[in-house]
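Undergrad: From the sequence below, what's the structure:
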Amino acid sequence: QVQLVESGGGLVQTGGSLRLSCAVSGRTFSRYRMGWFRQAPGKERESVAAIGWSGDRTDYADSVMGRFTISRDNAKSTVYLQMDSLKPEDTGVYYCAIGGQWSSPSLNHRDYDTWGRGTQVTVSS
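TA: Next up is the predicted model:
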């Protein structure tokens, strides 16, 4: 049974930083693409960042380009999202997802088959 557990969310002021983690179990983590998505209250889920199975390719939503960095540690079966220069519009529940064996990064939620339960990120103005 595949499980994804996010952590690292919290309350931060505008301009601050947070680092999210997502620990994966039940699957050979190193073979799969990973993605981060978020959902704000009253809004649809949107993509944030993705990383391919090998870790050498990444992709970002325009809204976070240059501020967020996705990375992975295959030895720890964990994917990270470093978030800098946070803005109030970054507020939401952040979810990690896994899907696509031996695949390049994708910002399309349909390319992922299993999701975590999410971690709340709140950026105060």
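Undergrad: buried ones in stretch 89-108?
TA: 90-100, 103-107 (16 or more other Cβ atoms under 10 Å). Yep, even glycine has a C-beta here, placed from its N, CA and C like the rest.
Undergrad: Output the contacting helices and strands for the lengthiest strand in the chain.
TA: When the chain is parsed with DSSP state E, its longest strand is strand 92-101. Helices and strands touching strand 92-101, by 3 or more Cβ pairs under 8 Å, 6 or more residues apart in numbering; DSSP states H and E, are strand 3-7, strand 18-25, strand 32-39, strand 78-83, strand 114-115, strand 119-124.
Undergrad: hmm, who's touching the first one?
TA: The set of residues external to strand 3-7 that reach it, using Cβ atoms under 8 Å, 6 or more residues apart in numbering, is 20-26, 94-98, 114-119.
Undergrad: Next: the fourth one.
TA: If you take Cβ under 8 Å, 6+ apart as the criterion, strand 78-83 is touched by 17-24, 29, 34, 36, 48-49, 51, 64, 67-73, 90, 94, 96, 121.
Undergrad: Can you read off the pLDDT for Pro41?
TA: Here the pLDDT value assigned to Pro41 is 89.
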